[in-house]
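# below are the sequence and a predicted model; questions follow.
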Amino acid sequence: MKKAIWTLTAFLMFLLLIFSTAGAQEKVNLAKGAPVKPSISVEAFGWFAEYVTDGMREFDEGTPIRGWSSAIRYFYPEIARENSTQWIKIDLGKVYTLAQFDLYPRPDGSNAENYFPIDYVIQVSTDDKAREQEDASDEFWTTVCTVTDAPHPDAQVQVHAFEPVAARYVRIKATNLRDGGDGYVFQLAEIEDRWITDP
Ligand SMILES: [Ca+2]
């Protein structure tokens with residue numbers, strides 16, 4: 001009986017070790033709540049730039065959509081009627097080693113397909129000049145992921161893994177947009193990152 005208790009105790013300790021280790025390895029999303037800067041933003045109807053890092057990937061009750069949208073035809077007809085380069089960047093607050101970025105398209109039916117870009121890059125930087133930069137040039141950025149001819153995402157998360165890299169600033173830059181009903185628009189419900197070393 002005593003042996004059984006010890007065996008059970010050892011087993012429980014083992015389980016505790018497994019779960020505590022798993023917890024330590026769980027990668028928090030550093031982008032959550034991080035300040036963002038977009039090329040342009042609708043800032044209406046639940047499309048606010050800060051919503052792309054608000055931790056909500058899908059719909060919120062009472063708020064139909066929570067994410068970032070570049071110019072739509074209703075507000076910016078001159079911009080939305082032509083294909084253009086649109087971007088949004090995040091400041092993680094300090095340098096981390098990152099290895100993955102997940103992009104969540106808007107989750108509502110056909111709209112999920114219309115406004116996810118066709119061609120885009122994920123870029124990182126540790127240079128503070130990248131934070132203030134207003135244009136789309138690559139001067140302060142290192143491209144870690146290049147996507148061309150991206151399929152329609154069907155409202156599914158798009159995972160991008162890459163070689164671990166030091167990064168404080170991250171930019172998602174789309175160079176080829178889909179023409180949805182609101183024009184050529186880049187929209188994302190949420191951006192999340194995965195880091196590989198303790199912050
Ligand atoms: Ca969101």
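Thanks, I have the structure now. The structure presented is a predicted model; accordingly, all values stated were derived computationally and were not measured.
# any stretches of the protein with poor pLDDT?
Scanning the chain for pLDDT under 70 picks out 1-27, 59-65, 109-110, 112-113, 197-199.
# residues from it in reach of the ion?
51, 54, 56, 66-67, 190 (Cβ under 5 Å from the ion). All C-beta atoms are positioned from the backbone trio N, CA, C, and that covers glycine.
# ok, those residues vs residue 104, which is closest?
residue 190 (4.0 Å; Cβ to Cβ).
# beta partners of that closest one?
residue 104 (DSSP bridges).
# for it, list the residues it contacts.
52-57, 67, 103-104 (Cβ atoms under 8 Å, 6 or more residues apart in numbering).
# in PyMOL, select just the buried ones from those.
Typed into PyMOL, the line below selects the buried ones among the contacts of residue 190, using 16 or more other Cβ atoms under 10 Å:
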select buried, resi 52+53+54+56+57+67+103+104
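# and which of the contacts of residue 190 is nearest to residue 114?
Looking across those and measuring by Cβ to Cβ, the closest to residue 114 is residue 67, at 13.5 Å.
# so what's the closest residue to that closest one other than its chain neighbours up against?
Closest residue to residue 67 in three dimensions, ignoring its sequence neighbours and counting by Cβ to Cβ, 6 or more residues apart in numbering: residue 189, at 4.0 Å. Residue 189 makes contacts with 51-52, 56-58, 65-67, 104-107, as judged by Cβ under 8 Å, 6+ apart.
# cool, residue 79 as well?
40, 70-71, 183.
# 6 Å - rerun?
residue 71 (Cβ atoms under 6 Å, 6 or more residues apart in numbering).
# surely it is within a helix?
Yes. Applying DSSP: H, G, I helix; E, B strand; the rest coil, one finds residue 79 inside a helix.
# got the residues of the chain next to the ion as CSV, with secondary structure columns?
Output for those, formatted as CSV (three-state DSSP):
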residue, secondary structure
51, helix
54, coil
56, coil
66, coil
67, strand
190, strand
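# and which of those is nearest residue 196?
residue 190 (20.4 Å).
# need phi/psi at the closest residue to residue 187 other than its chain neighbours.
Nearest non-adjacent residue to residue 187, counting by Cβ to Cβ, 6+ apart: residue 115, 3.9 Å away. Backbone torsions of residue 115, given as degrees, to the nearest 10, read phi -120, psi 20.
# again with the one 5 residues further on
Main-chain torsions, residue 120, degrees, to the nearest 10: phi -160, psi 160.
# ranges for the helices of this protein?
2-25, 77-80, 109-114, 129-132 (DSSP state H).
# residue 175 is in contact with residue 118, correct?
No. Residue 118 is beyond contact range of residue 175, at 8.6 Å (criterion: Cβ atoms under 6 Å).
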